[in-house]
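# What would the 3D arrangement of this be:
(chains A and B, ligands or ions: 2)
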Amino acid sequence: MSEHIGDRVASASVGLDTGADASYSTTEGLDTGASRPTRPTATGTLFRFATAGSVDDGKSTLVGRLLHDSKAILADQLESVARTSAERGFGGEPGAIDFALLTDGLRAEREQGITIDVAYRYFTTGRRSFILADCPGHVQYTRNMVTGSATADAVVVLVDVRNGVLEQTRRHLAVVQLLRVPHVIVAVNKIDLVGYDRAAFDAVAADVAALANDLGLPDAHVIPVSALAGDNVVERSANTPWYDGPSLLELLEELSTIDELETDLEALRLPVQLVIRPQGGLSPDVTDAAADELRDHRAFAGRIESGTVKVGDPVEVFPAGVRTTVTGIRRGPEALAEASAPLSVALELADPVDAARGAVIAAAGSLPAPRRELDADVFQLDARPLATGARVLVKHGTTTVQAIVTDIRGRLDLDTLETTPTASLATNDIGLVRLKLAADLAAEPYAAHRRAGAFLVIHPQDGATLAAGIVVEAPA
Amino acid sequence: MSESIIPGGRVASAGEAIPGGRVASAGEAIPGGRVAPEARIETARVQGLDTGAGASYSTTENLDTGAGASYSTTEGLDTGAGASYSTTEGLDTGADASYSTTATLDALDVLEAEAIHVIREVVAEFERPVLLFSGGKDSVVVLHLAAKAFWPAKVPFPVLHVDTGHNFPEVLRFRDETVARLGIRLEVASVQDYLDDGRLQERADGTRNPLQTQPLLDAIAAGRHDAVFGGARRDEDKARAKERIISLRDEFGQWDPRNQRPELWSLYNGRHTVGQHVRAFPISNWTELDVWRYIEREGIALPPLYFAHERDVYARDGMWLAVSDVSAPRAGETVERRTVRYRTVGDLSCTGAVVSEAATLSDIVREVAASTLTERGATRADDRLSEAAMEDRKKDGYF
Ligand SMILES: Nc1nc2c(ncn2[C@@H]2O[C@H](COP(=O)(O)OP(=O)(O)O)[C@@H](O)[C@H]2O)c(=O)[nH]1
Ligand SMILES: [Mg+2]
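Ligands and ions are numbered 1, 2, ... in the order given. So this is what the prediction gives:
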């Protein structure tokens, strides 16, 4: 199987055999106009996904393979990886490449052969541009999983076909479910090591289906892959004729993004970041004629976190509750008739409303009820435990408020999915917590409104991010 | 920076409880008309903030980002200082622009929205941001995004150039024209000054990129900048792939990659203590190709050396180096006149050109898409030193 790998690499990498002495041969390296067919020039839509799995399941290898086969790895990167692979005697075969070296960016990671921190990687297929978060699975797995999955459109969970579904897999999928990641793909990896055996795959796939059912995950996609050899990663493999589904990349190109799925379903929310008032400080490109009109210009700048806004739409402003009308939408100087999440815009309103940073502009009639108390699932990220009585800061949207942890109602046992009583939350714990707030927040249940339901818990003195929370409906 | 209005006009310290229970953001006005003592850790506000009446940023001169910026107390952000549409030709800047629609958002729309969101967050939450501006394409793009973020107001922060003394003259010219056009203030941290007075020594290999760290950190301290925007991208380097969008630096400017704050959703935690600052990377998630496509789409002006031109060059270490005051061929290296362009802008003595006929932005987009080398691999001698060259420099406070 290693020969197989060696072949792929050699064929895919022009002029790779520069040996240990690195540097590009002058002729090869100096010309950028090489005719090698490569990356598309179109951008397509943007899709974010994360990879998760236990140590050694092959996450980094899979990521490296995706990048390599989608031609996001260029010759100099591949060469440096090939050199390091050779120095470390990877695979024992000349030319074999340790793809994990492409993602393990810190020296400590390369030396220990482990991934320590979430790494972001980028590739594009023309139909889509991908942002990939490679989440390490051992230390601080919840922290990394939550970080990588929080904004993900999909999570790819790796399972080693020889080990099947592990406790770790269950935990990862539970986090994915809590965060409402729209799509889950379970990549049953190292299928090459079981001789591409269908029965081995089917057994794992059945366990995955049962688990997904347990957790209440919507459709989980299951794909047999070999990250190392490339089977079903980019192209469908001849080695798995019994599998008739898409390759991993085909699937990633087709799945809908969060914004594609939810923008039309959710009402407009625009947390105001700041108010633009150019008095005395107009941009020099503004013409004198326009300058007169802009003299009293006042626009509410922010990112549309859900829904769509059109010129003429009635809106309401949190917390003031005033109703007014949108008279202008701008992206820079460009006037828009309408705009949708996740665009950053500046809104002009018909009436002089009180809407500074911390305000939320919402579709009329959809204004969230102010909350002075939050019930939330909290992911404990800091090493210091979170206990009842703790005074913290809560950062939600564009507002930061003081808060007190009034109750730790329990800790979620990811293995049984039951909540057990606890006095405090330790790192990587997920707990149900009640927070009393010093001021009203426009927080909404995460299940109904993803971006309006997420917040950070921050240490008031040293500023550390202690925990991440998602608002839940108050338990009965 | 001041963020929201509370009737009465007092500026609250960040984190201070306001009657009525809300926590004030930095500089927020509180009923009652006095400025609260600075208590908030994350704004590392200037010592000695006037706590008397009259709120309105008694510290205005500190906040002034040059070019007439000032933060009005009444309204949150006064977007004073010099923004503007940097470079875009033909942008309709009139108030009556005809509507355009954004039917399907492509990746560039989403990346732009994310970057503008980050820039506005930093301006709203920090006192004295500054943008590291080299005249290179990435920092030019960040400046363009800032202009869009605050239009029709000017960009409300100055730019800082860390000048190695090994400059391409056309880049310096572009830098000066750009800040003049936008009406923003330019701060310069000069490596040459440090070499002249002995605070730094020239390296044996002559490259000055690694020497930038000390002047940069000193300039950040001197300008009391609590947030420093940079145009770094995660796709540039393996160590940068681990970088946060808002990334904390200690008193020594050091980056601690193993102890970074988790960054979730679009909630950026920039809290810091006195002496610390943050680096903010609005285009973290952009690739080199995204940057070029965006420059093409927006028609952003760049220094001419990014486009194919004739130049006297010699080959060294697999790169074409320019003949200049600070870089000359050694024995055995021959000078040739070639049509080249640059993919990155750095220390002239060690930044390589690539042979290229790409004379327009669309040529460049096509060329970059077809390139078999990363921009750093193709053009930066200093990044080839070792597998961890960038990681080590970043840990020491480099950008
Ligand atoms: N035979 C085989 N080995 C694999 C495959 N995927 C990963 N590996 C190997 O499994 C080990 C762990 O891989 P790595 O990507 O570092 O796992 P991670 O800890 O999940 O990132 C490495 O030795 C890989 O070469 C695969 O599909 N087939
Ligand atoms: Mg790994």
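
# Skipping adjacent residues, who's closest to A:D214 in space?
A:L417 (7.4 Å; Cβ to Cβ, 6 or more residues apart in numbering or on different chains). In this view, the C-beta of every residue, glycine as well, is placed from N, C-alpha and C.

# any idea how far A:N239 is from ligand 1?
Plainly put, A:N239 is 11 Å away from ligand 1 if you go by Cβ to the nearest ligand atom, to the nearest Å.

# again, but for B:V191
From B:V191 to ligand 1 the distance is 40 Å (Cβ to the nearest ligand atom).

# In this structure B:L186 contacts B:V179, no?
Yes - look at B:L186 against B:V179 with Cβ atoms under 8 Å: they come within range, at 4.5 Å.

# Does the residue nearest to A:D214 touch A:L215 like I think?
Yes - assessed by Cβ under 8 Å, A:L417 is found in contact with A:L215 at 7.3 Å.

# Endpoint to endpoint, stretch A:326-338 covers what distance?
This stretch, stretch A:326-338, spans 10 Å end to end (Cα to Cα, to the nearest Å).

# swap in stretch B:117-134?
Terminal residues of stretch B:117-134 lie 22 Å apart, using Cα to Cα.

# just the helices in the stretch 251-399 of chain B please.
Taking DSSP state H, counting those that start in this stretch to define them, one finds helices in the stretch 251-399 of chain B at B:288-298, B:361-370, B:375-379, B:389-395.

# list the helices and strands the second one packs on?
The elements that helix B:361-370 packs onto, with contact taken as 3 or more Cβ pairs under 8 Å, 6 or more residues apart in numbering or on different chains; DSSP states H and E, are helix B:288-298.

# contacting residues around A:L173?
By Cβ atoms under 8 Å, 6 or more residues apart in numbering or on different chains, the residues touching A:L173 are A:157, A:184, A:211-212, A:215, A:217, A:220.

# Now that we have those residues, which of them are buried?
Neighbour-count burial (16 or more other Cβ atoms under 10 Å in any protein chain shown) applied to the contacts of A:L173 gives A:157, A:184, A:211-212, A:215, A:217, A:220.

# which parts of the stretch 151-300 of chain B sit against chain A?
When proximity is defined by Cβ under 8 Å from any Cβ of the partner chain, the stretch 151-300 of chain B lies next to chain A at B:151-154, B:156, B:181-183, B:234-235, B:237-242, B:257-258, B:260-267, B:269, B:271-273, B:284-285, B:287, B:289-290, B:293.

# Any stretches of the stretch 251-400 of chain A with poor pLDDT?
Regions of the stretch 251-400 of chain A meeting the criterion pLDDT under 70 cover residues A:280.

# Let me see the ranges of the strands in it.
All strands of the stretch 251-400 of chain A, identified by DSSP state E, counting those that start in this stretch, fall at A:269-271, A:274-276, A:299-303, A:308-310, A:314-318, A:323-331, A:334-336, A:338-340, A:344-349, A:360-363, A:371-380, A:386-387, A:391-396, A:399-413.

# Walk me through which strands the third one pairs with, and which way each runs.
Right, the one you point to is strand A:299-303. strand A:274-276 (antiparallel), strand A:344-349 (antiparallel) (DSSP bridges).

# helices and strands around the host helix or strand of B:T213, which ones?
In the assignment (DSSP states H and E), B:T213 maps to helix B:213-222. Helix B:213-222 is packed against strand B:159-163, strand B:186-190, helix B:191-196, with contacts defined by 3+ Cβ pairs under 8 Å, 6+ apart.

# Just send those back as TSV, with mean pLDDT too.
Formatted as TSV, these follow (pLDDT from 0 to 100):
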stretch	mean pLDDT
strand B:159-163	95
strand B:186-190	94
helix B:191-196	91
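
# deepest of the ones you listed, which one?
Counting by mean count of other Cβ atoms under 10 Å in any protein chain shown, strand B:159-163 has the highest mean neighbour count of those, with a mean of 24.

# between it and helix B:213-222, how many degrees?
With axes from the mean of the first three to the mean of the last three Cα atoms, to 10 degrees defining the directions, strand B:159-163 sits at 150 degrees from helix B:213-222.

# So what's the gap between stretch A:150-168 and the chain middle?
Mean C-alpha position of stretch A:150-168 versus that of the full chain (Cα atoms, centre = their mean, to the nearest Å) differs by 15 Å.

# List the contacts of the nearest residue to A:R171 once chain neighbours are set aside.
Counting by Cβ to Cβ, 6+ apart, A:R171 lies nearest to A:L414, which is 4.3 Å off, once chain neighbours are set aside. Neighbouring residues of A:L414 by Cβ under 8 Å, 6+ apart: A:170-171, A:174-175, A:430.
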